[in-house]
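A.B. asks: only geometry, no sequence info:
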């Protein structure tokens, strides 16, 4: 099961985030998918996930997520990743800066019957805003 769950997560990252193929979300996310880290204002479920991917791919057309590590146990999967891209489009009200950013994070997903049913995320959003120049860096 661990190997299959890792493959599901890798497909979501590669095909949705890196390639922009949102149809894969219908295949790999449960109809009642819950994103515990979704920004306010997005619809629940698969449609909210698709909108979130579209937001980031519009802001960072060259977005690339690299999976650094994955650990699976039971129905849970932890993924440590690095995401990078150049800020070429609006990002939640932030005008394009043209700056390249690199963000690290850890996602935890619960996978049941080969579909992601829940998602939690901790990522360095402060670091991203500092790299974009929206918030001054310390020191």
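C.D. replies: Perfect, I can see it now. Keep in mind it's a predicted model, so treat the numbers as computed, not measured. Residues are numbered from 1 along each chain as shown.

A.B. asks: C-alpha only now, for contacts and for neighbours.
C.D. replies: Fine.

A.B. asks: Check the offset of the helix ranked longest in the chain from the chain's centre.
C.D. replies: As assigned by DSSP state H, the longest helix anywhere in the chain is helix 45-59. In terms of CA atoms, centre = their mean, to the nearest Å, the gap separating the centre of helix 45-59 from the centre of its chain is 9 Å.

A.B. asks: Which other helices and strands does it contact?
C.D. replies: When contacts are defined as 3 or more CA pairs under 8 Å, 6 or more residues apart in numbering; DSSP states H and E, helix 45-59 packs onto helix 23-28, strand 29-35.

A.B. asks: Most tightly packed of those?
C.D. replies: Among the helices and strands packed on helix 45-59, ranked by average contacts under mean count of other CA atoms under 10 Å, first place goes to strand 29-35 (a mean of 19).

A.B. asks: How far away from the center of its chain is it?
C.D. replies: Offset of strand 29-35 from its chain centre (CA atoms, centre = their mean): 14 Å.

A.B. asks: Neighbouring strands - and their directions - for that strand?
C.D. replies: Sheet pairing here is set by DSSP bridges, and for strand 29-35 it gives strand 115-123 (parallel).

A.B. asks: quick one: buried residues of the partner strand?
C.D. replies: By neighbour count with 16 or more other CA atoms under 10 Å, strand 115-123 contains the buried residues 115-119, 121, 123.

A.B. asks: on that earlier part again, please work out the angle formed by the directions of the longest helix of the chain and strand 115-123.
C.D. replies: With axes from the mean of the first three to the mean of the last three CA atoms, to 10 degrees applied, the angle from helix 45-59 to strand 115-123 works out at 40 degrees.
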